[in-house]
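Enquirer: For reference, the sequence and a predicted model appear below.
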Amino acid sequence: MTDVERYLYRYNHLERKKRILESELKEAREEYKAQQESLLSPAKSSEVKTSKTNKKSDPVPDAVIKIVDVYCKRMDRIADELSAVNGEQQSIMDTVNNAGLTVCEESYIRYRYFKGMSAWATAQKLEYSNEHARRIRRVAINKIMI
């Protein structure tokens, strides 16, 4: 396997990672909203503590600060990582788009490396023999410089 092929296979890996991060971000947002709703609901009289000066102490402000700190940091971290993945995927796409590939070569690259299809399945999809598909691959890989 050449360095170019490893680079191209990275796209499919990044696609899987992107789906995982999107799921984590959705989950974090749902947890954030659930915590927010439970902590910002009116406090029951049994939850409100009184201090020595007979002033009532409300736990809501402390809880809100905790939510903002914990959940927002988590969501920011996931969003930053997702942005980096998208940037790397776009870089790979730009490399392929700027390589001067024919439509057939570009289709081969997209099926084989971006969608993760086997060499045989890619040849079948393009309606070429395995040997001709290998020639297309070789020419395409030689055109793509990283």
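Expert: Arrived safely.
Enquirer: Report how many residues lie close to residue 133.
Expert: Using other Cβ atoms under 10 Å, the number of residues around residue 133 comes to 22. C-beta here means a position set from N, CA and C on the backbone, and glycine is covered the same way.
Enquirer: going forward, begin numbering at 3 instead of 1
Expert: Sure, I'll start counting at 3 from here, so that last one is residue 135.
Enquirer: ranges for the strands of the chain?
Expert: 51-52, 58-59 (DSSP state E).
Enquirer: least reliable of those going by mean pLDDT?
Expert: Mean pLDDT is lowest for strand 51-52 out of these, coming in at a mean of 54.
Enquirer: low-confidence ranges in the protein?
Expert: 41-62, 65, 69, 148 (pLDDT under 70).
Enquirer: Quick check, central residue of it?
Expert: Per Cα atoms, centre = their mean, the C-alpha nearest to the average position across the chain is that of residue 20, at 1.7 Å.
Enquirer: wouldn't that residue be in contact with residue 86 here?
Expert: No - using Cβ atoms under 8 Å as the test, residue 20 is too far from residue 86 to be in contact (10.2 Å).
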